[in-house]
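S.K.: heads up, no residue letters with this:
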Ligand SMILES: Cc1cc2nc3c(=O)[nH]c(=O)nc-3n(C[C@H](O)[C@H](O)[C@H](O)COP(=O)(O)OP(=O)(O)OC[C@H]3O[C@@H](n4cnc5c(N)ncnc54)[C@H](O)[C@@H]3O)c2cc1C
């Protein structure tokens, strides 16, 4: 395949050396070794997000990945991209790079070394071995079509680079201190692309401090299993099971992180939504039946004692404070109204959420480049020939568990290998 032009500085410039950009560089050079591929990044030490991922252990992917693990753009498009580079391919890709993976709880795959650093080093080494050039400290300001109409001028903080094709791998807005500050959206918008409005996702949520002041007390640091429902006035509820962690600002933990994007999407799309927590595994009806038979057998037991057998003591105190029931009340003395309010709160507690902790605490971005404007066979723009997109910049966000990295690897593969055929 001939080069796009011998007068250009590069055949392909990949903007962003995060997970998606580094992998796209490797796949592009492996598929088309004759192409000159340059990966530029504004950061002086790219890959910061990989280093902090998975508690510095990098949850590389998941044992089972399907389109149902993702939100955002059309699931048929997501499915097609995932199938082009499934989990088995990811495992083999990293094995070839010298990183073997093992499975942990919830199907999460981590490097055997437990070191995110090894994942980043392997990608950097893989990029160099594949023959692509990495240019850190090259923040891209603009990408424009060349006057000749062939190729692009990528203007970086250290001067322009002319090239035949551009891959935008600039991530979204999550953890902006790593360099992913959303500028990629502006670069895409300049070519007419639509940005589905963004919100943080996989992000802790804040509680109304005034509304929760009376009951938050000693909750901070307490974690327990919960069933969360995100309920809106317009759509079917979203259900999430997992651990919830109470914090000084509100709630976090896996269940809340997974629920967060749904609550935030309702807000941005103008729907009223609430986050409701079931602290028990049962419905109100079952819980009430169990409670009543327990009260018959133990009429003198105090409500606080009964509750403490069901949820952590601090949570029991919070629920009681919330419904204004004394923990010393005996089961026999608890009026029907109070009992029902207490059990409703235990099984369907509307948490007074005010918002999220924002992009600085988000693991990923919901929203981004509209998938309908991308060819899923190549990750190429349908609006601007020669422009491609990979990774988090796209309108796809995965749930917790390695799914966001899998999206980075799969999109990088589809994009990189397509370079051979164009
Ligand atoms: C704390 C944390 C933990 C996470 N843990 C996991 C996990 O364990 N498993 C998982 O699957 N996902 C995890 N994620 C999500 C995952 O890290 C991201 O989905 C993934 O890194 C996105 O990769 P990306 O390459 O698309 O974007 P990014 O990793 O954001 O990379 C984008 C790159 O582009 C560069 N860039 C941006 N704009 C420009 C510009 N104008 N010019 C030049 N360069 C630019 C940035 O400097 C950056 O290096 C975590 C995220 C966070 C924040």
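M.R.: Happy to help now that I have it. As the structure is a prediction and not an experimental result, all values here were calculated from the model.
S.K.: Tell me which stretches of the protein form helices.
M.R.: Ranges of helices in the chain, per DSSP state H, are 19-31, 48-56, 75-84, 87-96, 116-130, 183-189, 209-216, 254-268, 284-297, 303-308, 313-323, 336-347, 403-418.
S.K.: could those be laid out in CSV, adding mean neighbour count and distance to the ligand?
M.R.: For the C-beta atoms, the positions are set from N, CA and C on the backbone; glycine is no exception. CSV is the format used below for the helices of the chain (neighbours: other CB atoms under 10 Å; distance: least, CB to the nearest ligand atom, whole Å):
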stretch, mean neighbour count, distance to the ligand
helix 19-31, 28, 3
helix 48-56, 18, 3
helix 75-84, 18, 13
helix 87-96, 16, 11
helix 116-130, 19, 8
helix 183-189, 20, 4
helix 209-216, 14, 25
helix 254-268, 23, 10
helix 284-297, 14, 35
helix 303-308, 18, 34
helix 313-323, 20, 27
helix 336-347, 17, 32
helix 403-418, 26, 3
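S.K.: weakest of those by average pLDDT?
M.R.: In terms of average pLDDT, helix 209-216 trails the rest of the helices of the chain, at a mean of 88.
S.K.: contacts for it?
M.R.: Outside helix 209-216, the residues within contact range by CB atoms under 8 Å, 6 or more residues apart in numbering are 207, 246, 317-319, 321-322, 352.
S.K.: State the phi and psi torsions of residue 43.
M.R.: phi -70, psi 150 (degrees, to the nearest 10).
S.K.: now the one 4 residues further on
M.R.: The phi/psi pair for residue 47 (degrees, to the nearest 10) reads phi 90, psi 10.
S.K.: residues in contact with the residue lying closest to it once chain neighbours are set aside?
M.R.: In this structure, residue 47 finds its nearest non-sequential neighbour in residue 120, 4.2 Å apart by CB to CB, 6 or more residues apart in numbering. Neighbouring residues of residue 120 by CB under 8 Å, 6+ apart: 47, 50-51, 58.
S.K.: residues contacting the closest residue to the ligand within the stretch 1-150 of the chain?
M.R.: The nearest approach of the stretch 1-150 of the chain to the ligand comes at residue 18, 2.1 Å away (CB to the nearest ligand atom). Shown in contact with residue 18 (CB under 8 Å, 6+ apart): 41, 46-47, 49-50, 169, 171, 178, 180, 391-392, 408.
S.K.: Make JSON lines from the residues you listed and add distance to residue 34 to it.
M.R.: Shown next, in JSON lines, are those (distance: CB to CB, whole Å):
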{"residue": "41", "distance to residue 34": "24"}
{"residue": "46", "distance to residue 34": "25"}
{"residue": "47", "distance to residue 34": "27"}
{"residue": "49", "distance to residue 34": "31"}
{"residue": "50", "distance to residue 34": "29"}
{"residue": "169", "distance to residue 34": "22"}
{"residue": "171", "distance to residue 34": "29"}
{"residue": "178", "distance to residue 34": "33"}
{"residue": "180", "distance to residue 34": "31"}
{"residue": "391", "distance to residue 34": "25"}
{"residue": "392", "distance to residue 34": "30"}
{"residue": "408", "distance to residue 34": "25"}
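S.K.: Which of the residues you listed are buried? Put it as a ChimeraX command.
M.R.: A single ChimeraX command selects the buried members of the contacts of residue 18 (16 or more other CB atoms under 10 Å):
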select :41,46,47,49,50,169,171,178,180,391,392,408
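S.K.: nearest to residue 198, of the contacts of residue 18?
M.R.: residue 392 (10.3 Å; CB to CB).
S.K.: what's the pLDDT at the closest one?
M.R.: 98.
S.K.: hmm, back to that, next, give me the two most distant ones among the contacts of helix 209-216.
M.R.: Greatest spacing in these, by CB to CB: 317 and 352 (17.6 Å).
S.K.: does any bit of stretch 241-253 sit next to the ligand?
M.R.: No: Stretch 241-253 lies out of reach of the ligand by CB under 6 Å from any ligand atom, never closer than 12.3 Å.
S.K.: That stretch spans what distance, first to last residue?
M.R.: End-to-end distance of stretch 241-253 (CA to CA, to the nearest Å): 11 Å.
S.K.: Which positions in that stretch come out as buried?
M.R.: Buried residues in stretch 241-253, counting neighbours by 16+ other CB under 10 Å, are found at 242, 244-247, 250-253.
S.K.: With distance to residue 127 added, can I get the contacts of helix 209-216 in TSV?
M.R.: Below are these laid out as TSV (distance: CB to CB, whole Å):
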residue	distance to residue 127
207	44
246	42
317	54
318	50
319	53
321	55
322	53
352	47
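S.K.: got a list of contacts for stretch 240-249?
M.R.: 204, 206-207, 216, 219-230, 251-256, 258-259, 277, 314-315, 357.
S.K.: average pLDDT for it?
M.R.: Here the average pLDDT along stretch 240-249 is 96.
S.K.: What is the distance between it and the centre of its chain?
M.R.: Per CA atoms, centre = their mean, to the nearest Å, the displacement of stretch 240-249 from the mean C-alpha position of its chain is 17 Å.
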